[in-house]
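Undergrad: Predicted coordinates and the sequence they were generated for:
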Amino acid sequence: MNSLRKLKLGKRLALSFGVLLVLMTASAAVGVARLGSLADHLDAVATREQEKSQLTTEWLHSIVVNSVRTRAALLGAPEIVPDIQREIEVTSAGTLKTRDRLEQLFVSAEDKAFFAKIDASRAAYRDTRGALAKRRAAGDDVRAEADSQLSPLLETYVGNIRQFQEQQKAHYDARLAQAKAEAAQGRTVLIASGATALVLGIFLAFALSRSITLPLRQGLASTRRIAEGDLSESIVVTGRDEPAELLTALQAMQASLGRVVSGVRSNAEGVASASAQIAQGNNDLSSRTEQQASALQQTAASMEELSSTVRQNADNAQQANQLADSASAVAVQGGEVVGQVVETMKGI
């Protein structure tokens, strides 16, 4: 999962689909190869092995037909020998073509060795048959030689072909079984590759979806917390893909908002401290203002008392002035009296 997070989303998608495409291509290639091999086996079974079996049957049939003709020629009247011999030669020519076609179909060393064994028994049989046919054409009685010499050679010849026929049937059955095994194996390979592709596709889809949705869910949760004002939880970033870049940007935004909030908080605390100091100053100013007001009130009262005293002093001064005037008058009068007294005294 972490290794996937190191890739961009585009590369991750390309890698996932590339793996699936490679696996599907490999499955298709294996399937095509298996089908090609199966086609080869079916071709070998349906064409080559079937043809070999059919040619062997024809060869065996022509030998049996010619053996009947040969016995009729060796045991019948001499005048019918030439006609039978011509029929034998025509059938032998067809048998030779069958034999040559079979030889072209032989691919294994075992088939070639067995074919050489058949050729040896065929040559021995044909040589003996030819010699006896010549003697019979000359009028000799070759019945005993036909039974004692030709019949064992015919049995050997036919026996070899029958054995070869059984061998080819065994090859046919083996090829057919191999074709069935190839078909079963190809089916198993296709099923296994399809199941592997399915499991790998599910795993890649789950891993790819999880590698994309988990960081997006983390980013969504972090965005909601930030929107609610929670900047305390840290954002963990892993990988180098687009969701990781989104989380990195969100992490940077959270850090920036944290610094802004911290600055605002510091400024708010400064404003609160200044406001508290201003309030304290206002309280002090209010107290001093109250003290000044009290002092002014006291001063006003003192001024009023002083004014009253001044007024009283003015009144007293006026009264004193009046008294002084009276005293002055009295003094003048007293001085006049004294002057009169002095004059009187002088008169005396």
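TA: Sure thing, it's come through. Quantities reported herein were computed from a predicted structural model and do not represent experimental measurements. Numbers count the residues shown, from 1 in each chain.
Undergrad: avg pLDDT for the helix or strand encompassing residue 311?
TA: Using DSSP states H and E, residue 311 falls within helix 242-347. Throughout helix 242-347, pLDDT has a mean value of 69.
Undergrad: Quick check: mean pLDDT of the helix or strand where residue 130 lies?
TA: For residue 130, the element it lies in under DSSP H and E is helix 109-137. The pLDDT scores in helix 109-137 average 86.
Undergrad: roughly how far out does that helix sit from the chain middle?
TA: In terms of CA atoms, centre = their mean, to the nearest Å, the centre of helix 109-137 is set 72 Å apart from its chain centre.
Undergrad: Show me what it is packed up against.
TA: When contacts are defined as 3 or more CB pairs under 8 Å, 6 or more residues apart in numbering; DSSP states H and E, helix 109-137 sits against helix 50-75, helix 81-105, helix 151-227. The C-beta positions use only the backbone N, C-alpha and C, and glycine is treated the same way.
Undergrad: now the angle from the second one to helix 50-75?
TA: Relative orientation of helix 81-105 versus helix 50-75 (axes from the mean of the first three to the mean of the last three CA atoms, to 10 degrees): 160 degrees.
Undergrad: Quick one: mean pLDDT for helix 81-105?
TA: For helix 81-105, mean pLDDT rounds to 85.
Undergrad: Show me what it is packed up against.
TA: Applying 3+ CB pairs under 8 Å, 6+ apart, one finds that helix 81-105 contacts helix 50-75, helix 109-137.
Undergrad: Tabulate those in a markdown table, adding columns for mean neighbour count and distance to residue 203.
TA: A markdown table is the format used below for the helices and strands packed on helix 81-105 (neighbours: other CB atoms under 10 Å; distance: least, CB to CB, whole Å):
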| stretch | mean neighbour count | distance to residue 203 |
| --- | --- | --- |
| helix 50-75 | 18 | 47 |
| helix 109-137 | 16 | 50 |
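Undergrad: can you put those in a markdown table and add distance to residue 26?
TA: Output for those, formatted as a markdown table (distance: least, CB to CB, whole Å):
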| stretch | distance to residue 26 |
| --- | --- |
| helix 50-75 | 34 |
| helix 109-137 | 36 |
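Undergrad: Nearest to residue 22, out of the ones you listed?
TA: Closest to residue 22 of these, according to CB to CB: helix 50-75, at 39.7 Å.
Undergrad: for that closest one, packing partners?
TA: Packing contacts for helix 50-75, counted by 3+ CB pairs under 8 Å, 6+ apart, involve helix 81-105, helix 109-137, helix 151-227.
Undergrad: picking up where we left off before, identify whichever of the helices and strands packed on helix 81-105 lies nearest to residue 280.
TA: Proximity to residue 280 (CB to CB) singles out helix 50-75 among these, at 117.8 Å.
Undergrad: The residue positioned nearest the centre of the chain and residue 106, how far apart?
TA: Per CA atoms, centre = their mean, the C-alpha nearest to the average position across the chain is that of residue 204, at 3.0 Å. Residue 204 sits 52 Å away from residue 106, going by CB to CB, to the nearest Å.
Undergrad: pretty sure residue 53 contacts residue 165?
TA: Yes: counting by CB atoms under 8 Å, residue 53 touches residue 165, with 7.1 Å between them.
Undergrad: In terms of helices and strands, where is residue 33?
TA: Going by DSSP H and E, residue 33 is in helix 9-43.
Undergrad: quick one: average pLDDT of that helix?
TA: Confidence over helix 9-43 (mean pLDDT, whole number) is 69.
Undergrad: now swap in stretch 209-223 and tell me
TA: Computed over stretch 209-223, the mean pLDDT rounds to 73.
Undergrad: Just give me how far it sits from the chain centre.
TA: 17 Å.
Undergrad: Same check on stretch 156-175?
TA: The mean C-alpha position of stretch 156-175 is separated from the chain mean by 57 Å, CA atoms, centre = their mean.
Undergrad: buried stuff in it?
TA: For stretch 156-175, the neighbour count (16 or more other CB atoms under 10 Å) marks 156-158, 160-161, 164-165, 168, 171-172, 175 as buried.
Undergrad: picking up where we left off before, could you report the distance from the residue nearest to the centre of the chain to residue 249?
TA: Using CB to CB, residue 204 is found at 28 Å from residue 249.
Undergrad: cool, residue 161 as well?
TA: 88 Å.
Undergrad: Please apply the same query to residue 115.
TA: The gap separating residue 115 from residue 249 is 83 Å, by CB to CB.
Undergrad: Equivalent analysis for residue 297, please.
TA: Residue 297 is 69 Å from residue 249, by CB to CB.
Undergrad: just residue 194 next, same as before
TA: According to CB to CB, residue 194 stands 43 Å off from residue 249.
Undergrad: Also residue 312?
TA: 90 Å.
Undergrad: Residue 122 too?
TA: Distance of residue 122 to residue 249, given as CB to CB: 93 Å.
Undergrad: Also residue 90?
TA: 98 Å.
Undergrad: next one: residue 159
TA: 92 Å.
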